[in-house]
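**Q** only the shape, not the letters, is given here:
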RNA sequence: CGGGGCGUGGCGCAGUUUGGCUAGCGCGUCGGCUUUGGGAGCCGAAGGUCGCCGGUUCGAGUCCGGCCGCCCCGACCA
């Protein structure tokens, strides 16, 4: 390909709204352009990269025995009502009606479609196991798109679905996908961590996320410094502390103290002159089964996902101000477990067990209680793991490890779904004994477009992108510095043609630009290898080769240049 | 949706506080001459409903009201 016949509109400066390196560089380099917040076009260069990534995903999925198919973006409301997700899926799908008034959504995912599709024709265990996948644009009505290609409203996703007769079969299908994912991300040059994760609105178990580590990631993951424990922060477990010895001489009764206007932990600590770890926060939630008060140490954050999971209350919601006032008899900000409405179930984080003589809200406006103790002053329904993990926490899995946090971009997510969708959508097949049984499903997603952002986040420098060869838009760029010199043009054309015949993806920069422009563009766009043909070539008969990644270079004769290029590409 | 910031030729910005004449600068683009191995120099040119609507005023990029869009933090989230 000749650059004079291609289209790479590079920008010397990044648009002001681009904040993170991947967004700045992909836009400056002429890969993508925004159309609206979280909606992007892929220019020819960006589309090549997208296609490269897609092909790697496709090859590994095919190698794992998955079959590619292609499903619609628009999905009818009735289908989603059968699975019960029309009103509950978060974020809410983008919806619309056709002219006859029939309702659709722009598919944010395809469990419903694939399950009904497979259910139509698969009727026997003899047709299983089966794993199918597609690479399709998905739509999510994000409350806030951000971070260039990282969090968008419209994006390319590979989604795969496995169908098995039983849990053992599912386990095997899941393993295959897990292994394929490891290979896919490795081939794309991504450094990833595989972590435990929350299933969210998909519903599922044994879920694992593949996280590309990056300081610009939106997720936090925790890893153990001594064992293999790794988890998304949203579900990282906390080890219950060793039971503390209850000191003699506990307060005999709580003492009420006046704390006017102190509605936050911060305010209470200042007023009473004590650390937040002597306080207990009381957070009120409503669930389908009634109200719950969740207690965590004052300096900790409650993890709602963990609370919802341990209460088995997926509909968990923070109580409204009115509900809080009704249950506590006080303004919001003074809730406590002592004397709260007896309809409220009280659960506490494990750490509370190690506390004594602590401070809680008094269920009275402008007042707190000091010297409060579990068992004496109020009864607890349960101790649970409720708080967010923090840097330095003891590892929940091994004895000696400590957790440390990393930022990361979620690029893959695999779940075991079970029979939730096949039961709702009649995904039944006959087993060996002629019994109708719901197929057991797994689902497996990869954010293909998001991977591009992750790759750039992990592989760039101050000058531009450094593409891994596997996904680079071109493997080598040939810079013809003097396009007016016939002899040099012949050499450049020759190298270009020769490389192309050898199967190398080569771009010839034959533009009538100055050398500096060509060097800068080449570094910005990030071709793994660069060949320079200029006046030195005329003088010495040599071509200069340089690797983008580490600047390692070589000077070779014109007639051996192509072979050396191929050799140098081996390591990239 | 809460808080903050921004919106001026393709890109980056100044000008808005304190209203005033033909709305500037750098980059890019087009033409010419020179230059030619790290974003060149000179000369000339094109390109702007100052986000939109309404209002105040002799006069609005600038003041007032409403709306829209974009970015960041939060809430939320495969």
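**A** Noted; the coordinates are in hand. Model, not experiment: these values are computed from the prediction.

**Q** any weak-confidence spans in chain A?
**A** Along chain A, the model assigns pLDDT under 70 to residues A:200-203, A:245-246, A:248-249.

**Q** hey, where'd the helices end up in the stretch 401-550 of chain A?
**A** Using DSSP state H, counting those that start in this stretch, the helices of the stretch 401-550 of chain A run over residues A:420-424, A:448-458, A:486-501, A:515-525, A:535-540.

**Q** could you pull out the helices in the stretch 1-150 of chain A for me?
**A** Going by DSSP H, counting those that start in this stretch, the stretch 1-150 of chain A shows helices at A:21-28, A:44-63, A:77-83, A:111-121.

**Q** out of the helices of the stretch 401-550 of chain A, which is the most enclosed?
**A** Comparing the helices of the stretch 401-550 of chain A by mean neighbour count (mean count of other C-beta atoms under 10 Å), helix A:448-458 ranks first with a mean of 26. No exception for glycine: its C-beta is placed from N, CA and C like everyone else's.

**Q** what packs against it?
**A** helix A:21-28, helix A:44-63, strand A:154-164, strand A:205-213, strand A:403-418 (3 or more C-beta pairs under 8 Å, 6 or more residues apart in numbering; DSSP states H and E).

**Q** coming back round to it: tell me the most buried of the helices of the stretch 1-150 of chain A?
**A** Taking mean count of other C-beta under 10 Å, helix A:21-28 is the most buried of the helices of the stretch 1-150 of chain A, at a mean of 24.

**Q** mind listing residues that contact that one?
**A** Helix A:21-28 has contacts (C-beta atoms under 8 Å, 6 or more residues apart in numbering) with A:10-15, A:18, A:32-34, A:46, A:147-150, A:216, A:452-454, A:456-457, A:460, A:464-465, A:524, A:526.

**Q** intersect the residues you listed with the contacts of RNA strand B.
**A** A:10, A:11, A:12, A:13, A:14, A:15, A:34, A:147, A:524 (C-beta under 7 Å from any atom of the strand).

**Q** what's the burial count for residue A:250?
**A** 14 (other C-beta atoms under 10 Å).

**Q** and it, what does it touch?
**A** Contacts of residue A:250 by C-beta under 8 Å, 6+ apart are A:356, A:357, A:371, A:373, A:376.

**Q** quick one, what contacts the residue positioned nearest the centre of chain A?
**A** Residue closest to the average C-alpha location in chain A (C-alpha atoms, centre = their mean): residue A:410, at 1.9 Å. Listed by C-beta under 8 Å, 6+ apart, the contact set of residue A:410 reads A:209, A:210, A:211, A:217, A:218, A:219, A:447, A:450.

**Q** PyMOL command to pick out the buried ones of the contacts of helix A:21-28?
**A** Only the buried entries of these go into this PyMOL selection, using 16 or more other C-beta atoms under 10 Å:
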select buried, chain A and resi 10+14+18+32+34+46+147+148+149+150+216+452+453+454+456+457+460+464+465+524+526
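
**Q** circling back to that earlier point, nearest to residue A:403 among the ones next to RNA strand B among the contacts of helix A:21-28?
**A** residue A:147 (25.2 Å; C-beta to C-beta).

**Q** correct me if wrong: that closest one contacts residue A:456.
**A** No. Residue A:147 lies out of contact with residue A:456 (C-beta atoms under 8 Å); the separation is 11.6 Å.

**Q** chain neighbours aside, what residue packs nearest to residue A:521?
**A** Among residues not flanking residue A:521 along the chain, residue A:10 sits closest, at 5.3 Å (C-beta to C-beta, 6 or more residues apart in numbering).

**Q** which ones are touching the one you found?
**A** Taking C-beta under 8 Å, 6+ apart as the test, what residue A:10 contacts is A:28, A:29, A:30, A:521, A:524, A:525.

**Q** apart from its chain neighbours, what residue comes closest to the last one?
**A** Leaving out its chain neighbours, the residue that sits closest to residue A:525 by C-beta to C-beta, 6+ apart is residue A:29, at 4.9 Å.

**Q** residue A:220 falls within a strand, correct?
**A** Yes. Under DSSP: H, G, I helix; E, B strand; the rest coil, residue A:220 falls within a strand.

**Q** count the neighbours of the closest residue to residue A:507 other than its chain neighbours for me.
**A** Nearest residue to residue A:507, sequence neighbours excluded (C-beta to C-beta, 6+ apart): residue A:474, at 4.1 Å. Using other C-beta under 10 Å, residue A:474 has 22 other residues around it.

**Q** from residue A:569, how far off is residue A:474?
**A** Going from residue A:474 to residue A:569 by C-beta to C-beta, to the nearest Å gives 11 Å.

**Q** right, and residue A:66 touches residue A:132 too?
**A** Yes. Using C-beta under 8 Å as the test, residue A:66 is close enough to residue A:132 to be in contact (6.4 Å).

**Q** residue A:377 versus residue A:251, what's the distance?
**A** 9 Å.

**Q** tell me which of these two has more neighbours.
**A** More crowded of residue A:251 and residue A:377, by other C-beta under 10 Å: residue A:377, with 19 against 16.

**Q** pretty sure that one is touching residue A:336, no?
**A** No. Residue A:377 is beyond contact range of residue A:336, at 9.5 Å (criterion: C-beta under 8 Å).

**Q** common neighbours of the two, please.
**A** residue A:369.

**Q** could you measure from the residue nearest to the centre of chain A over to residue A:195?
**A** In terms of C-beta to C-beta, residue A:410 sits 9 Å off from residue A:195.

**Q** mutual contacts of those two, please.
**A** With C-beta under 8 Å, 6+ apart as the test, residue A:410 and residue A:195 both reach A:209, A:211.

**Q** just send the helices of the stretch 1-150 of chain A back as a markdown table, with distance to residue A:261 too.
**A** Listed next are these as a markdown table, based on distance: least, C-beta to C-beta, whole Å:
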| stretch | distance to residue A:261 |
| --- | --- |
| helix A:21-28 | 43 |
| helix A:44-63 | 54 |
| helix A:77-83 | 47 |
| helix A:111-121 | 50 |
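
**Q** tell me which of those helices sits nearest to residue A:299.
**A** Of the helices of the stretch 1-150 of chain A, nearest to residue A:299 by C-beta to C-beta is helix A:21-28, at 34.1 Å.

**Q** just want the angle from the closest one to helix A:44-63.
**A** 120 degrees (axes from the mean of the first three to the mean of the last three C-alpha atoms, to 10 degrees).

**Q** which of the contacts of residue A:250 are buried?
**A** Applying 16+ other C-beta under 10 Å to the contacts of residue A:250 flags A:356, A:357, A:371, A:373 as buried.

**Q** tell me, which of those make contact with RNA strand B?
**A** Of the buried ones among the contacts of residue A:250, not one also sits near RNA strand B (C-beta under 7 Å from any atom of the strand).

**Q** for residue A:285, state which of those residues is nearest.
**A** Checking the buried ones among the contacts of residue A:250 one by one against residue A:285 (C-beta to C-beta), the nearest turns out to be residue A:373, at 23.7 Å.

**Q** the closest one: what's it in contact with?
**A** Contacts of residue A:373 (C-beta under 8 Å, 6+ apart): A:250, A:251, A:356, A:357, A:358.
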